[in-house]
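Student: the following block contains a protein sequence and its predicted model.
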Amino acid sequence: MGLFYLFWCSWEQRKLGDFYTFKNGLNKEKVYFGYGDSIVNFTDVFHNRQIYSSTLKGKVCVNKKELENYKVKEGDLFFTRTSETIDEIGFPAVVMEPMERVVFSGFVLRGRAEKNDPLVNIFKSYIFFTDNFRSEMKKKSSMTTRALTSGTALKEMYFSYPKDLEEQTKIGEILLRLDNIITLHQRKLEHLQLQKKALLQQMFV
């Protein structure tokens with residue numbers, strides 16, 4: 001039966017805009033970066049499906065109003081907003097834990113549930129990274145000097161999900177476990193490549 005034995009419950013198709021409101025992030029001059037409070041940057045969203053406070057490296061100096069306007073909460077859904085290539089637009093990531101004094105960059109968009117979020121965090125971190133969703137994202141993005149997407153475009157994007165939260169959790173946990181296995185094998189591969197390189201250097205000195 002494989003992984004598909006989990007897919008018992010009915011799935012529903014809805015627009016992102018049915019549940020989430022989108023907001024552009026913080027833009028400031030370079031002099032304000034490198035110190036202060038933590039910030040969710042483009043690379044945090046592009047390279048990770050799940051965001052934790054321990055993985056955030058960027059810092060920015062913000063005032064009280066900026067901290068309130070751009071604060072990050074558990075469950076927030078981020079998408080990469082602009083890049084040099086359209087292939088890097090719309091990468092998703094989800095905040096997996098409570099955050100204290102964290103804001104987000106203008107290079108990403110934040111989606112936040114207006115009322116009750118229909119998606120559990122672990123499932124949410126994967127459902128918007130499917131080939132179909134990524135393909136539709138590229139079609140709805142614009143390209144001038146830089147590739148760009150917007151909250152207006154994201155609100156019109158469709159996604160499918162099981163209404164049963166337990167099923168969402170099980171699916172998300174399976175995908176996370178597979179990600180961890182892939183990461184482990186990648187590290188093993190990198191280690192073997194380094195061993196091979198060292199051996200070749202010793203053989204042909």
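Tutor: Happy to help now that I have it. Numbering: from 1, shown residues only.
Student: is it true that Asn48 touches Ala93?
Tutor: Yes. Assessed by Cβ atoms under 8 Å, Asn48 is found in contact with Ala93 at 5.3 Å. (C-beta placed from N, C-alpha, C; glycine too.)
Student: which residues in this structure form helices?
Tutor: Applying DSSP state H to the chain gives helices spanning 42-47, 64-69, 121-127, 131-140, 151-155, 165-203.
Student: which among the ones you listed is found nearest to Thr82?
Tutor: For the helices of the chain, proximity to Thr82 was assessed by Cβ to Cβ; helix 42-47 is nearest, at 8.3 Å.
Student: which strands or helices does that closest one pack on?
Tutor: Under the contact criterion of 3 or more Cβ pairs under 8 Å, 6 or more residues apart in numbering; DSSP states H and E, the helices and strands touching helix 42-47 comprise strand 77-80, strand 92-95.
Student: cutoff 7 Å now
Tutor: The elements that helix 42-47 packs onto, with contact taken as 3 or more Cβ pairs under 7 Å, 6 or more residues apart in numbering; DSSP states H and E, are strand 77-80.
Student: got a pLDDT number for the spatially closest residue to Ser10 that is not a sequence neighbour?
Tutor: With sequence-adjacent residues excluded and distances taken as Cβ to Cβ, 6 or more residues apart in numbering, Ser10 is closest to Lys163, at 6.3 Å. If you check Lys163, the pLDDT there is 91.
Student: how about low-confidence regions in this structure?
Tutor: 1-9, 204-205 (pLDDT under 70).
Student: hang on, the earlier thing: which one's more surrounded, Asn48 and Ala93?
Tutor: Remark: of Asn48 and Ala93, Ala93 carries more neighbours, 24 against 17, as counted by other Cβ atoms under 10 Å.
Student: list of residues touching stretch 135-149?
Tutor: Phe79, Arg81, Thr82, Ser83, Glu84, Thr85, Ile86, Glu88, Ile89, Gly90, Ala153, Met157 (Cβ atoms under 7 Å, 6 or more residues apart in numbering).
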